[in-house]
Structures are given as C-alpha cells and as structure tokens.
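Q: Build me a model from this:
(one chain, ligands or ions: 1)
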Amino acid sequence: MKAREIAYNILHDVFEKHAYVNISLNARLKGQDLKEMDKSFIKELVFGTIERKYTLDFILSFFIKKSPDIKTMTLLEMGLYQLMYMDKVPSYAAINESVSIVKKVLGANRANFVNAVLRNYERKKGEIVFPDKSKNLKKYLKVTYSYPNWIVERLLNNYDGEITEGLLKSLNEKSEVCYRVNTLKVSVDKFKDILDSKGISYKSGLYIDEALYVDIKDVENHELYKEGYIYVQDEASMLVSKVLRPEEGEFVLDVCAAPGGKTTHIGQLIENKGEIIAFDIHPHRLELIKENCERLGITNVKTEVFDATYVNEKYLEKADKVLADVPCTGIGIIRKKPDIKLKDYTKKDIENLNEIQYKILQSSSQYVKKGGYLVYSTCTIGKEENQNVINRFIKNNPNFEFVDITNEVPKSLKSDTLSYGYIQTTPLEHGIDGFFICKLKRIK
Ligand SMILES: C[S@@+](CC[C@H](N)C(=O)[O-])C[C@H]1O[C@@H](n2cnc3c(N)ncnc32)[C@H](O)[C@@H]1O
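A: Okay, the predicted model is just below:
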C-alpha cells in the first residue's frame, strides 16, 4: 500500500472512529514494507493534518459550498496540508495523489470534486480573507494557530491576548524527544559515553540532571531502550517526582499511575528502597507499569486496580508521600499529542472533569500521614483544572497547607508562584511541557 493511502487510513481511524493516533499509526504501519523515508512522510502527513485541521477547514470553507462527507473531507484536508505545509511535495503530486486515492476509495465523482477544490485553492489562495486580529481575536487565534474554541477560550481566560498567542504558537512547535536516564542501571555520564561511542547525538536537559534529549529513531526497538537505560519523559513530567521528593525507605502512593512515568521515576529516586503502591482505574494500563518496572529494574512497586475517586481503607494515613497525577484535558502536552485538539470539551465536560480531579485529591489526602506530603499535578494549563481545584481543597481541609517549593525545583526554573506552593510550566516560558505541580503538607 502506498504511503498516502496508509496516512488516509490512519486519519480515517482518528477522525471517524475516534481512534488514538499513535495506536492506529502503529497498527497500520505494522507489517508494511516501507522505507524509513515513507514512514516519516506518513507521520508528518498524519500529525500535520491533525495539528492544522482548524486552519485547513477554514481555508477549505472558501472553496466548498456544503461540507462533504467525512471521508472526502479527510482527503481534502490531507491534500491541502501537503500543498500548504510540505515544501518538498510538488503541488501536482499533492493533487494527483490525493485524487487517485479518492478515486480508489470513494469513486470518480468524489475524485472530480476533490480535484476541483484543490486546484481552485492553488489558483485563488491569494484571495482568501483571514480573520482580523484586531476585530476578532478568538477567531484569529483559532484559524492562525489551528485550535478548537475551548482551548483558545481557556487560555484567554487565563492570559492576555499576547501570551495566549505565544502559548498557542509554542504548543505547535515540535519538541525534541526527552529521555530520563535510568540511574539505577547507568550513570548519566556513563550513558553519555555510550552515546558518544555509538555516534548518537544528544543534549543535556534544561533543568533536570537525569534528562537528556537524544536523537534515537524507533526507540522502542533500540538496544539502549530494551536494556532499560532510558524512559521517554518530558522534563516537566520529571519535575513532578522531584517536587514530591521521595526518600529512601518511604511508603509512597501514586493514585493515577499508568503507564508509570512518575512511578518509575520515584522508584529510581529512592533506589528501590521503600514501597510504592500504584493505582490506576484501567487494568490494561497497569500492565504498562509492570512492563516498565521490569524493563527498568524497578522492584519495589505493587500495582492495584482502583478508582482513585474512592478511598481505599487499607492505606488510611499510611503514606509518607502521595502523588495525585490526575486525568486532565492535556493542553500542556499538545506538542506531543496534537490529537488533543480534536477533543470537543464543553463547559459541562470540564466541570465534570473538575469534580473527578477534586474527588481524587480529596480521597488521596486521606492516605497521607501527619507530617506527610501530597502532590497534585496535571499536564494542562489554566486555573480551571489547577489552582481552582487546589484552592477548593485547601479551603475544605484546614489540616493541609501549601509548601514553599522554591528549593524543590532547579534554581534555573523560574516561576513567581513557587513560594505559594505551586508551579505552572509552559513551553513558552520554560521550553518544556505545560504541567501544573502543587505540593501540600498534612499539618494535623
Ligand atoms: C495523567 S495520566 C497518569 C500518568 C502517569 N502518572 C505517568 O506519569 O505515567 C492519568 C491516569 O489516570 C488514570 N485514571 C483516570 N481516572 C482514574 C480514576 N478515577 N482512578 C484512578 N486512575 C484513574 C488513567 O487511566 C491514566 O492512566
């Protein structure tokens, strides 16, 4: 099967069947005899079309009177993406190849339509009227940077227009892949020597000692990965376990733990000395924690299927440290997961999510010993899922207080709110994913 047809099948899975892009991509690439170049082309086309969907749809609306069926629309979006953003693809190839897939999948009629729309775009692209920033900021941001309304509204609710624009732009920028070096198996220096000996280029982390940006292709099949030397993890995510600051011999509960990025980091930081209980609501996701622990040589983690909105009586007041890395909208990790843009959260959906986040925090707090610590984290941006949740918690739980985290985070990581007990990282301000991390102490 040709690259573009595979890309179409993946996008069809994502747009029509609401599949996860990575899962569909892996499944559709499996067993295909493709060159590395073709695989890269497919990935760029798939991720790019998802990332730029709102811009593409705005432009297509100039050339289409009535929206066609979703399959035709997907093929139009793919074709237009190639015309607009893939400089190496000549226009005739973008159009002819798109038309030939439509002919194969949807018939000659639809093919004529797609041909006409794409050719019309080529002829009249100079006539498209884009939204005016001074007249309609929201529409301008949505169309220029390709975001759904709920994300633009969320950021405008938290930041002024200029910062919002910077954030939307930075969330579109490709991030280099960051790895956590598993210091249980290899020191960072030794690992750098190994990379040097293999001629693999790398850059040190911006903030975290064990973070490295490494240029490895197809990492899951790479020997260094299989050996358990590395875990793919953004520095913002590593910061969570740093703020939790687990110590050897402690009992730690991680209540939303799968696939185990932070659980395994905690295990690494306490060098397998101590006990970690990892909950997750999805049994199949707990399997991922077990696989990761096995690969990384983490031996002190026990997993339990558990809904963290409830209280697990077994662990009442037992934990030195508790981590509640709650489910969230994920705005802060759009650089890695552009399909988050395809979610269509309503106000009600966000309120429901806030209720879950609050319940998880409230239940988690019951496990903390007197004098113990609770960390609340999300991979999203904005007070709605962050400050509002912790402020509500603090108001209702006078036995907890915010902890100044100035000394818990690396000196180079600047934020005005550290002394209040929390940090909101963003790719715009810090060059890492957008995480919210808050530390609380049980004082009574
Ligand atoms: C942000 S992810 C956790 C990422 C993880 N801490 C890591 O670092 O790899 C949130 C996790 O919460 C789980 N989850 C969602 N609702 C839950 C609930 N009510 N109880 C427990 N886990 C839940 C999801 O299955 C998902 O694995």
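
Q: Which parts of the stretch 301-444 of the chain are helices?
A: For the stretch 301-444 of the chain, applying DSSP state H, counting those that start in this stretch gives helices covering 347-365, 387-396, 427-430.

Q: mind showing which ranges of this protein have poor pLDDT?
A: Where the chain drops to pLDDT under 70, the residues are 1.

Q: how near is the residue most central in space within it to K343?
A: Centre of the chain computed as the mean C-alpha position; nearest residue by CA atoms, centre = their mean is I333, 3.1 Å away. Using CB to CB, to the nearest Å, I333 is found at 12 Å from K343. (Each C-beta comes from the backbone N, C-alpha and C, glycine too.)

Q: again with S365
A: 29 Å.

Q: Any idea what the closest residue to L323 other than its chain neighbours is bridged to?
A: Nearest residue to L323, sequence neighbours excluded (CB to CB, 6 or more residues apart in numbering): D254, at 4.6 Å. Here D254 sits in beta bridges with A278, L323, going by DSSP bridges.

Q: Quick one: residues contacting D254.
A: 262-263, 266, 276-279, 322-323, 325 (CB atoms under 8 Å, 6 or more residues apart in numbering).

Q: tell me which parts of the stretch 201-350 of the chain are close to the ligand?
A: Selection of the stretch 201-350 of the chain residues close to the ligand by CB under 6 Å from any ligand atom yields 237, 256-262, 279-282, 285, 307-309, 325, 327.

Q: Buried subset of the residues you listed as a ChimeraX selection?
A: Selection of buried members from these for ChimeraX, criterion 16 or more other CB atoms under 10 Å:
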select :237,256,257,258,259,260,261,262,279,280,285,308,309,325,327
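
Q: The stretch 301-444 of the chain: strands as residue ranges?
A: Ranges of strands in the stretch 301-444 of the chain, per DSSP state E, counting those that start in this stretch, are 301-305, 319-325, 368-378, 400-402, 422-424, 436-442.

Q: can you tell me which of the ones you listed comes nearest to G48?
A: strand 368-378 (26.8 Å; CB to CB).

Q: how many neighbours does the residue nearest to T417 when sequence neighbours are not counted have?
A: Excluding the flanking residues, the one nearest T417 by CB to CB, 6+ apart is I423, at 6.0 Å. Residues near I423, counting by other CB atoms under 10 Å, number 25.

Q: Provide a list of residues in contact with I423.
A: Contacts of I423 (CB under 8 Å, 6+ apart): 239, 243, 405, 409, 413, 415, 417, 435-437.

Q: One more: V129?
A: Contacts of V129 (CB under 8 Å, 6+ apart): none.

Q: Distance-wise, check it relative to P283.
A: 52 Å.

Q: same deal with N182?
A: As judged by CB to CB, N182 and P283 stand 25 Å apart.

Q: out of the two, which sits in the busier spot?
A: N182 (22 against 10).

Q: Do I have it right that the more buried one meets Y231?
A: Yes: the criterion here is CB atoms under 8 Å, and N182 meets it with Y231 at 6.3 Å.

Q: Go through stretch 402-417 and flag the buried ones.
A: Within stretch 402-417, the residues that count as buried by 16+ other CB under 10 Å are 402-403, 405, 408-409, 413, 415.

Q: would CSV of those residues with distance to the ligand be doable?
A: CSV is the format used below for the buried residues of stretch 402-417 (distance: CB to the nearest ligand atom, whole Å):
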residue, distance to the ligand
F402, 22
V403, 20
I405, 18
E408, 18
V409, 17
L413, 19
S415, 21
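
Q: Now compare the residues you listed and name the two farthest from each other.
A: The span of these, defined through CB to CB, is set by F402 and L413 at 17.9 Å.

Q: that older thread, and of the contacts of I423, the nearest to K369?
A: V243 (18.3 Å).

Q: distance of the closest one from the ligand?
A: V243 sits 13 Å away from the ligand, going by CB to the nearest ligand atom, to the nearest Å.

Q: Outside of the helix or strand hosting that residue itself, list whatever touches it.
A: Using DSSP states H and E, V243 sits within helix 235-244. Contact with helix 235-244 is made by 178, 180, 205-208, 210-211, 252, 261-262, 265-266, 269, 321, 323, 325, 332, 373, 375, 377, 379, 405, 408-410, 413, 423, 425, 430, 432-435, 437, 439, as judged by CB under 8 Å, 6+ apart.

Q: what angle sits between that helix and strand 319-325?
A: Per axes from the mean of the first three to the mean of the last three CA atoms, to 10 degrees, the angle that helix 235-244 makes with strand 319-325 is 160 degrees.

Q: Tell me how many other residues surround A94.
A: 21.

Q: Leaving out the residues flanking it, which one is nearest to it?
A: Q82 (3.7 Å).

Q: Make sure that neighbour is actually in contact with V89.
A: Yes: contact criterion CB under 8 Å: Q82 and V89 qualify, at 4.7 Å.

Q: which of these two has more neighbours?
A: Comparing Q82 with V89 by other CB under 10 Å, the one with more neighbours is Q82, at 27 against 18.

Q: Run through the residues that contact that one.
A: Neighbours of Q82 in contact, by CB under 8 Å, 6+ apart: 45, 89, 93-94, 98.

Q: biggest separation within these, which pair?
A: L45 and A93 (12.3 Å).
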